[in-house]
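S.K.: 3D model of this:
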Amino acid sequence: MTAQPTPKGAWTITFLLFLFMLVNFADKIVVGLAGAPIMDELKLSPEQFGFLGSSFFFLFSISAIVVGFIVNRVDTRWVLLVMAIIWSISQFPMVGTVSFTTLVICRIILGAGEGPAFAVAAHAVYKWFPDEKRTLPTAILSQGSAFGVILAVPALNWIIVNHSWHYAFGALGVVGLMWVVAWLVLGREGPLVQTVQTATTDPRIPYFQLLTSRTFIGCCAATFGAYWALSLGLTWFTPFIVKGLGFTQKDAGWISVLPWVFGATIVLLTGWISQVMLARGFTTRVSRGVLGSVPLIVGGLILAVLPLVNGAGLQIALLVVGSGLCGSIYVVCPPMLGEFTPVQQRGAVLAIYGAIYTLAGMIAPSVMGIVIQNAAVPLDGYLVGFTINAVIMAASGLLGLLLLWPNTERARLMAQSAAQPKFA
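M.R.: Residues are numbered from 1 along each chain as shown. Modelled structure (predicted):
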């Protein structure tokens, strides 16, 4: 897309979608936050609780791909509305007495509704901002996740401590319905959509070429490692604080906020630095690819030190900093994919990207649960699990550093496409 002014109302929509992602991550964090009382009430083993954490992602990737193709043809306004309604309704069965099976089913439904969330929200916000102005709104959108935890954890933990973990789910259902009402009143479709004129200069590229491009593979690989860390944080961070380090549920509430506060700072800094670098003439290879990959490597190295130190405070600090650094990659990958993907294919490509990297969310909690289950001492199991996370983060960052070349990807793909039959 050529340089264009930002349409009026763009930041209002960005704020609403920030709230959308805020609710999205509050929904995700509640099981991890209530992990200790859930395990105690339902008599769950670590392996079962790991399965519960992974169940959220069983339909996550499938729904992300399906909805990604839908938003190529259906206004994102209505897709976002339906998704938020599904989130809200899936919370209410947990308010009463609930079995492990019911809890798993509701989490699967919730995951199906939330799978396409970031891809659809990013596709929607990109209809309001031209390419050179997308990094900062992407960073703000990403921060819905951090603020969803920062704001929700104290409130939800208060409900868990003073009432019941059941009511924490109900509260999230009510908040979701409040967002639905706000979106019905204020939500609109962005005006920066493809026109007949741009369609002639922005031909379709075969999906096979888009999905096998080195930058697409690099984005998937790098974000897979980051999401491994994130899904462990969502499911296992609070149980680690309570059952591994011996803190109370009340204390774990404020401690659980720390990774997200640090992560929010990293993400906003990345968005700002990236746009400053672009304005000063750096290529997107440097201002997006390198800027997003290096923190992953550094974060993995920091996590690798975790088993070698003593003291709960130092272990928490290393875990907070190491896992928080991975947030940079979420800011830069969607704009990189948007650089070389034709507008009419962008929704699907972003969704497929999301579907691939979030597979880490289906694997990581279960792996951690199995490791803890088989450890002689629970704390040893947690430390082994975080060491696995360190290796995956560092490896994914290295792959990103090698493969992310968005500044040359479009020309290469268009040259390939010109020699191919026109299909996609």
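S.K.: Verify the contact between residue 32 and residue 241 for me.
M.R.: No. Judged on Cβ atoms under 8 Å, residue 32 makes no contact with residue 241 at a distance of 10.2 Å. (C-beta placed from N, C-alpha, C; glycine too.)
S.K.: and for the two, which residues touch both?
M.R.: Counting by Cβ atoms under 8 Å, 6 or more residues apart in numbering, the common neighbours of residue 32 and residue 241 are residue 256.
S.K.: now residue 408, what's its secondary structure?
M.R.: Assigned by DSSP: H, G, I helix; E, B strand; the rest coil, the conformation of residue 408 is helix.
S.K.: can you pull the contacts of it?
M.R.: Counting by Cβ under 8 Å, 6+ apart, residue 408 touches residue 285.
S.K.: how close does it sit to residue 284?
M.R.: Using Cβ to Cβ, to the nearest Å, one obtains 9 Å as the distance from residue 408 to residue 284.
S.K.: what about residue 298, how many neighbours?
M.R.: Neighbour count for residue 298, taken as other Cβ atoms under 10 Å: 18.
S.K.: where's it, which helix or strand?
M.R.: Take DSSP states H and E as the rule and residue 298 turns out to sit in helix 291-304.
S.K.: Just the buried positions in the helix or strand just after that helix, please.
M.R.: Per DSSP H and E, helix 291-304 leads on to helix 312-324 as the next helix or strand towards the C-terminus. The neighbour-count check on helix 312-324 (16 or more other Cβ atoms under 10 Å) flags 315, 316, 317, 318, 319, 320, 321, 322, 323, 324 as buried.
S.K.: was I right about the last one contacting residue 267?
M.R.: No. Contact between residue 324 and residue 267 fails when scored by Cβ under 8 Å: they sit 9.0 Å apart.
S.K.: What distance do you get for the residue nearest to residue 251 when sequence neighbours are not counted to residue 316?
M.R.: Spatial nearest neighbour of residue 251, excluding adjacent residues (Cβ to Cβ, 6 or more residues apart in numbering): residue 241 at 7.6 Å. Noted for residue 241: a distance of 8 Å to residue 316, by Cβ to Cβ.
S.K.: between those two, what contacts are shared?
M.R.: With Cβ under 8 Å, 6+ apart as the test, residue 241 and residue 316 both reach residue 255.
S.K.: Remind me which helix or strand residue 246 belongs to.
M.R.: Following DSSP H and E, there is no helix or strand that holds residue 246.
S.K.: what's the burial count for residue 415?
M.R.: Using other Cβ under 10 Å, residue 415 is surrounded by 9 other residues.
S.K.: what's in contact with stretch 207-222?
M.R.: 289, 292-293, 296, 329, 333, 336-337, 340-341, 345, 348-349, 352-353, 356-357, 396-397, 399-400, 402-406, 409, 412-413, 416-417, 420, 424.
S.K.: need the contact list for the nearest residue to residue 258 once chain neighbours are set aside.
M.R.: Distances taken as Cβ to Cβ, 6+ apart put residue 320 closest to residue 258, at 4.9 Å, once the chain neighbours are dropped. Going by Cβ under 8 Å, 6+ apart, residue 320 touches 258, 259, 262.
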